[in-house]
Structure formats: C-alpha cells, structure tokens
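**Student:** Could you look at this predicted model? Sequence included:
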4 protein chains.
Amino acid sequence: MLGVVPLTESFVQDLKITPREGGYARGQEGLEQILYAALNILVEQGSKALTLRRIASECGMKAGNLAYYFPSKEELLRELLNAIISSYEEPFDRIVHDPSESAEKRLENLVVLILDDITTKKTTRVFPELWAMTNHDPFVQERVNELYQRARVAILELIEEINPALPPDEREIVALFISASMEGMTIFAGHEKPWCEQMPAIERVAVKSFLHVIHTLKPGEIRASTDA
Amino acid sequence: MLGVVPLTESFVQDLKITPREGGYARGQEGLEQILYAALNILVEQGSKALTLRRIASECGMKAGNLAYYFPSKEELLRELLNAIISSYEEPFDRIVHDPSESAEKRLENLVVLILDDITTKKTTRVFPELWAMTNHDPFVQERVNELYQRARVAILELIEEINPALPPDEREIVALFISASMEGMTIFAGHEKPWCEQMPAIERVAVKSFLHVIHTLKPGEIRASTDA
Amino acid sequence: MLGVVPLTESFVQDLKITPREGGYARGQEGLEQILYAALNILVEQGSKALTLRRIASECGMKAGNLAYYFPSKEELLRELLNAIISSYEEPFDRIVHDPSESAEKRLENLVVLILDDITTKKTTRVFPELWAMTNHDPFVQERVNELYQRARVAILELIEEINPALPPDEREIVALFISASMEGMTIFAGHEKPWCEQMPAIERVAVKSFLHVIHTLKPGEIRASTDA
Amino acid sequence: MLGVVPLTESFVQDLKITPREGGYARGQEGLEQILYAALNILVEQGSKALTLRRIASECGMKAGNLAYYFPSKEELLRELLNAIISSYEEPFDRIVHDPSESAEKRLENLVVLILDDITTKKTTRVFPELWAMTNHDPFVQERVNELYQRARVAILELIEEINPALPPDEREIVALFISASMEGMTIFAGHEKPWCEQMPAIERVAVKSFLHVIHTLKPGEIRASTDA
DNA sequence: AATGAATGAGCGTTCATTCAT
DNA sequence: TATGAATGAACGCTCATTCAT
C-alpha cells in the first residue's frame, strides 16, 4: 500500500508494464502493484532486501499470494527488468527524431535527457544493481545490452547526420564512447551523489566534448597505428 | 580448486593487504587466503554468493574458523574492500609523477592504465558490485569515494599542468568528466563485454577527446549561462 | 512423544493462554501446542535445553515454522511467561474472597493452595528458572514481581481481617515473610525433593506459624529498636 | 585480570578453593583466577553468559588454555560449585557453637548471618542458578543438598537446646521450615530486590516467628490429624 | 485471489573442544 | 603454561517455495 508513489519526476516513466497475454487479464492490477513494490524496495533498500516477503508486505499481501502472479522470484525479477528496460524505449526515439531541431540540438537534447534521468533516484539506484547482475545473469545481460544498443543506435544516427565523413566502425566507437561517458556519471553525479548539483555544468562539458569529437575526428585517426 | 590463481595480468595488483598489528605476521597466511577466496567468489559468482560458508570452503576451511580471523562477516568485507581500494594507491602515483614524461603523455598513460585495468576480470566484476553497495552502505560509499577522489586529484594535477588558464572549479568538472567517462566503459568494454576487443581504439578516442577538452575549454564557458 | 501430557494435578492450570487478536482463533491451536511444548521442555530438561529446534520437534514441526507463530524466540518466551503467570490469577482470587469461610480458614486455604502447587513438577521446575532469569532479564523480573505482588496483596487482605491492629507497614513485612517462607519450600519439598512427602506436616507448621505471627505481633515490635 | 575484586562484604568468603592433590601445585594461581572469573561472570551476567571464552578472556587467557586447568567445562563448573559450597562450611559451625551465647541468641545470630548473606550480590545471583541446576543435574543437587543439610543440622541442634521436648521428627520439620523461610527471602529481599532495605525488619519477624514455633509447638501437634 | 501453515535449505554466529607448537 | 588454528555441532533466524483451503 505504501511506497507506490512515483519515484522520479523524469519524463522517463518508472515502469512500462505490458499487459499479459490472454486478453484483459484480471490480475493486471495486483501485478502492477507487485512490480512497483519490488522496484521501490530495490531503489530504497537495495537488492539484498528484495525478498518476496517484503515485496508482498509492501503491497499488503502475504508472501504466498505472489505465487499466484509469478511462478518464481526469478520470473518476477525478469518481468521487473523488462518493465524497467521498456520504459526507456519511447523517449529515445521521440527526441532523436524530432523534426523541428537540428542534429546537433537533438544530440544535446538526448544527452540532457539521459543525464537528467541519471540524477533520478530510480536510475541512480537501479542501474548499478543491473550492471552487477549483468556479470552473472545472462538474461539480465541480454536485456541491458538491448537497452544500450537502442541508445547507441540513436546516437549513431545523429553522428552520421553531423559528420557523414566518419566511417561506420569509427562512428560506432564514438557512439560507444559517448554512451559510456554518460553512464559513468551515475556513480558520481547521480541522486544524492557528491556531484549531483553540478550536473548542469557537467552536461555542458559533455555536449561540448561529444560534439567536438564528432566534428574533428578524421577517418582512420583512431585505427590501430603502427606503434609510432 | 583453491581459487587463488591470479585474476588479472594488469600491473594493478589484486589486493593490497596491509599486515595487522605489529610486525610479526599472525595468521597473516590464513587471513590473506580468506580475502583472496572472498574476492574470487565475488568475481566469479557475485555478491549474492559471497557467504561465509563458501568463502571458507574455497580455502579449505570450515565456516566456524573464519570467526577466528574476522569477528563478523561485515568486518571481513570491510577488510576486503580496503585491500581492493589500497591496490590502486601506488600505480596512480607512480604514473602521474613520472618525471621522464610530459604532462600530456602522463595523462595518456593514466588513461591507458585505468582503461586497461577495467578490462581485467577483477575490475569488471567487482566495481559494479561496489557501485551497487555504495547506494546502501555508507562505509563502502566512503571508501569508494576516497578511491575516486585520489584518481581525480591525479587527473586534476595533470590538467593544471596542461592548461593552467582553466579556473579550479572548471578544472574539477573536467577531471570528473574524464574519470566518469572511463568508469562508464566498465559495462561496455570490460572483461568479456561486447566491446572489450575495441578497447585500444576506445583509448585513443578517449585520450584525444580528453586532451581536446582540456586544451580548448575557455574559462567560464561551462558556467551557467543566461539561457541565451 | 508429543509431550503435551498434563504436567500437574494441581487445580492451578498449567498455562492460561489468552487468545490473540479478535475472537476467531487464528492458528490458536499451533500456538498453544508450541507453548505447551516449550513449557514441557523447560520442566523436563531445563532452560539450557529450551531451543527452538527442540520446541519445534516436540510438537512435530520444523524449526522454521515457529517463526510463523512467534517473531523471535524472545517473544515466544515472553508469551510463555505470561501464560504461566496468568494461570495463577484466578485461583488466588477465588480462595481469598471465598465468602463461606473465615479469614483464618481462607489464609489456611491459600497456604495449602500455594504449597500444594509447589509440589507439582511444573512449579518445582519452572520457578527456580524464573528466579534465575529474574536477575538478568528485566521483563521476567517485572512479570514475576507482578505475580508475587498479587499473592502478597491477597495475604495482606487476610492479615488485615485477622488482626486489624497491625499497622500497614508491619503488615506488609509479615505478608512478605509468609510469602517468602512458602516460596523457599520449593527447593526442599518440591516435586521429587527430599521432603516432598512431608509437605502436609510442613503445611501445618506453616499455617500455625503464620497465624501466630499475625495474631501476636504487637504494633512497633519489629521496627528498628535502639539496640537495647 | 578484571573482575577479581571481592564480590561481597559478607564474612562468608566468596570461594573456598581447596588446593589440588599433588603437593604445592603450580597452577594453583591460574586455577583460582579462573574460578573467580567464572563466579564473577555467573554473578554479573548469569549462567547463559558463562562460556569458556568469556571466562578465559576475563582472566586474560585464551580459551584453549583453560583445558590445561580443567578437562572440560563441566569439570570447571563442578569445582566452582565445590568452592562455593565449601565457603559456607566454617561460618555455620562457628556461630552455632559459640560458647559465650545462649541458644536463643545463637539462633538469632545464625538467622542474621544467613539473611545478611542472602543480601550479598553473590548469594542473590548464584543461588537461584544453583536451584535451577539442581533440577536437572544430580551432581549439583547432591552438593546443594549437602549444604542445606549442614545448615539444617546446625538449626536442629539449637532447636534441641531450646525445646528439648520436641520429638526428633517434628524438630526436623521445624528446622526445615526455618531454613526454607530464610532461603525464600533471596528472591524478595536479596541484592537489589524490592525489599532489600527492609531486611533488618524481616530479620526481626523471622527470629520472633522461629523462636515462637520452637517454643510453642506441642509434641504431635503437626502430625497428620484424623481430618477433624 | 488470497491466506494459513508448513518445509527444507541456508544464513551468520557461537560454542566446547582438540592439538601441534 | 600458553597460544594459534581448526573443527563440528548447534544456535536463532530468514528465505523461496508449496499447497490445501
């Protein structure tokens, strides 16, 4: 009952829960409640505290009843992961394909979107947990890779528009560099992190730096040199 | 079976274990064995698998005997964290203060050191766990902050040498941006990650990009503008 | 094997278990089973043997299931203590306020009730445990004090009826003396103690002695004298 | 090293440790240290806290070393019990056989001795533990019975002197009643118990009551009557 | 759709004990 | 005498899971 308040004011929604198969499922309501409760515990108390008992009690149920919705804890976590990842699908596309802005402005908008999202409690708390899981759970790894793949494709398109001379393989590296630079900010300037107040300045450095690399990188410049 | 095989070929050593009280080693052997076993499990199986029983069995002990070395699991984990963090102290200093190299070359060396370390299994696996813990464990938070603080100070000194005109507050933001950009690579180009083969090219982009920002950033440029 | 056989033939019942919340019994059955099992172990094997595993196995459960009924061992022990103490409430009142008997006869009845109860296995075994706990557990101390307080008030009322001339403070001392004299019998004439066969004779000495003190004590006689 | 301060100001000494066989044993010193430490823990923290580790640490040893002095914990506790019981041997005899006092005065002295001892921390804390052990440990039962037997014999002698007309079996009951009355005070007027300040008044009631019973009991009066 | 009741495994921890040194 | 190091058993407790109702 508690803890189902929205976790963030970002315009990335907390969870995007896709209704289950079989028409208008009846348990949809309880199902969402459970996923929000799980997310809330993960955010507020960390993965060690994410037990079925706690999830159940957070939404006023008894633990046994979770079995009605999810066959196992693992399944619950997978649906939670899906819902988290899905929530990022739409905003990326919207910004990247905004026809009213220049490519550079659209890149700037994307950077700001991502870095602002990073300062939300949900993102700051959840993503490090996901990165950690990634190393030992192939399912998590795949879904997280998917998410970043989508982000990178968005960045890639913008790079191509801004500097069409850059060959695809180098474009990829630059997109990766940009994406990684932003993700790395989570642990320094995320929610309640020491640098979170400086995020606006950080965003300006990031945008400036990213645009410069895109503009000035000469084809072949970052290919393996002959050691000289 | 013992799991005390070296985890990395990086010249950042796995653990820097400072002997306990006095000079004469007291159970130092078993103590190191335990910490290496704990690190190994953390790396290979993740924090959820890091139980006292598993640590003990990994070094051929029974669980009860761990209590002889560490009063509690928490204490064991703290000493492990200290040992991990301490292992970075010396390499940073060595590279940053190398008198035979220019400031730019030293920055490049530092970037390569850090990004190469990121590709080691130990770093790729352990740091995301630490980042996750950071959000709910003040002790981990403090120690991890300390580590990054040290890294940032090193970068800061090099920035000052390279572009003395940059005011301190902007220098700080740039150093943070550089550090975060590198850490973010962990999840993309770390050990067994999809981009790990591209790390050399990534390093070149990173060095180029970092040096450019340092060189070209004009004082005041990233301060909050009046929106115009 | 179940150990839920009645422990005593006294008309002080073994436990007075007050139903939990609301009217409709909720697991009341298992709850009582557990408390009786715990009492039984305490009586038969002593407090050192009173472990959750043993309690559980005594009532055919597994240890983990106890957590369903009691949040902690401490809570279980507290409810057990409450049930033990509560079992004395009603018999005391009944005897002391019996309108068909003289005050002296009622005192005699009370003495016999208490001393007979002392010869039951339950009382002989449990109370010394409680006395020992009393010294290091404030909760036990409080509840045991409450019980004796109630007994003392009962005695006090009878003393007042028998010898109204005795001032309250001396009455209190006499009531205490009477109560303590009886409790002390536990270790000598309790269940299977060397003198348990002599309890009837002991009761006669006790009644005689108590009545005499009440009758003959002159006001001021036991106040601190000037050593003369 | 700590905790070997005397526990009481009673003139019953805390422990009477009889040197071990084999001439002037060398470990006598450490042995006494250990027993005092054990007593101290039993008194201050109760039997649940009486572990070998704590005993050892209280006298600056490691747990393993206790095995040098005592083959097992049980043996240690038995020697402790012996030392406690032995400490009461001498004072009883001294008072009861004091040739300079009347029998009545000697009884009074004995009552005061015992009741004063009861108010010491050591006695208040240790004896309830012994009573509890008595119910499940035949060795403790035997030794404690011995102690009370000795006390009762002392009382018995005085009763005989005071009222030689009383037949032996009734004399025994009266002696038992007197002894039990006093022991019962432990839980009410012992160290830090609610009535401990009233002990002097209690002693006066006790002496008066005991003497009266001895004086006025008529032979046969407490034998089983024909129910009339 | 939900609860009550139970299980079995595993957790961190404490304990008495052993034994080589 | 004493310590260092280890063991095996047990402790209170938590967990995901199961299943009849």
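**Tutor:** Nice, I can see it. Note that the structure is predicted; figures quoted are calculated from it, not measured.
**Student:** Report the next helix or strand after the top helix by length along chain A in sequence order.
**Tutor:** Longest helix in chain A by number of residues (criterion: DSSP state H): helix A:138-162. Next along the chain after helix A:138-162, taking DSSP states H and E as the criterion, comes helix A:168-184.
**Student:** Next one: that next one, is it in contact with chain B?
**Tutor:** Yes: under the criterion of Cβ under 8 Å from any Cβ of the partner chain, chain B is reached by helix A:168-184 at A:170, A:173, A:174, A:176, A:177, A:179, A:180, A:181, A:182, A:183, A:184. Any C-beta I mention is one placed from the backbone N, CA and C, and that applies to glycine too.
**Student:** Low-confidence regions, chain A specifically.
**Tutor:** Confidence mapping of chain A against pLDDT under 70 gives the ranges A:1-11, A:21-26, A:224-228.
**Student:** at 50 instead, please
**Tutor:** Across chain A, the ranges flagged by pLDDT under 50 are A:1-7, A:23-24, A:227-228.
**Student:** Helices along that one, start to end?
**Tutor:** A:28-45, A:52-58, A:63-69, A:73-86, A:89-96, A:103-118, A:121-134, A:138-162, A:168-184, A:186-189, A:199-216.
**Student:** Would you mind putting these into TSV with distance to DNA strand F and mean neighbour count alongside?
**Tutor:** Formatted as TSV, those follow (distance: least, Cβ to the nearest atom of the strand, whole Å; neighbours: other Cβ atoms under 10 Å in any protein chain shown):
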stretch	distance to DNA strand F	mean neighbour count
helix A:28-45	10	20
helix A:52-58	4	18
helix A:63-69	3	14
helix A:73-86	3	18
helix A:89-96	28	16
helix A:103-118	28	20
helix A:121-134	14	23
helix A:138-162	14	17
helix A:168-184	28	22
helix A:186-189	25	26
helix A:199-216	34	20
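**Student:** Of those helices, give the one that comes closest to chain D.
**Tutor:** helix A:52-58 (30.1 Å; Cβ to the nearest Cβ).
**Student:** Which residues does that closest one contact?
**Tutor:** A:1-3, A:34, A:37-38, A:40-41, A:45, A:62-63, A:65-66, A:73, A:76 (Cβ atoms under 8 Å, 6 or more residues apart in numbering or on different chains).
**Student:** Next: stretch A:115-127.
**Tutor:** A:7-10, A:12, A:14, A:39, A:42-44, A:46, A:84, A:182-183, A:185-186, A:189-193, A:196, A:199, A:202-203, A:206, B:135.
**Student:** Ok, stretch A:208-223 next?
**Tutor:** A:104, A:107, A:111, A:159, A:162-163, A:165-167, A:170, A:173-174, A:177-178, A:181, B:177, B:201, B:204-205, B:208-209, B:212-213, B:216-217, B:221-222.
**Student:** Can you get me the start-to-end distance on that stretch?
**Tutor:** 23 Å (Cα to Cα, to the nearest Å).
**Student:** Pull the contacting residues for residue A:49.
**Tutor:** For residue A:49, the contact set (Cβ under 8 Å, 6+ apart) comprises residue A:41.
**Student:** Tell me how far it lies from residue D:177.
**Tutor:** 61 Å (Cβ to Cβ, to the nearest Å).
**Student:** repeat for residue A:152
**Tutor:** In terms of Cβ to Cβ, residue A:152 sits 93 Å off from residue D:177.
**Student:** ok so, going back, mind giving me JSON lines with the residues of helix A:168-184 next to chain B and columns for distance to DNA strand E?
**Tutor:** Supplementary listing: the residues of helix A:168-184 next to chain B in JSON lines, determined by distance: Cβ to the nearest atom of the strand, whole Å:
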{"residue": "A:170", "distance to DNA strand E": "47"}
{"residue": "A:173", "distance to DNA strand E": "41"}
{"residue": "A:174", "distance to DNA strand E": "44"}
{"residue": "A:176", "distance to DNA strand E": "37"}
{"residue": "A:177", "distance to DNA strand E": "39"}
{"residue": "A:179", "distance to DNA strand E": "35"}
{"residue": "A:180", "distance to DNA strand E": "33"}
{"residue": "A:181", "distance to DNA strand E": "36"}
{"residue": "A:182", "distance to DNA strand E": "35"}
{"residue": "A:183", "distance to DNA strand E": "30"}
{"residue": "A:184", "distance to DNA strand E": "30"}
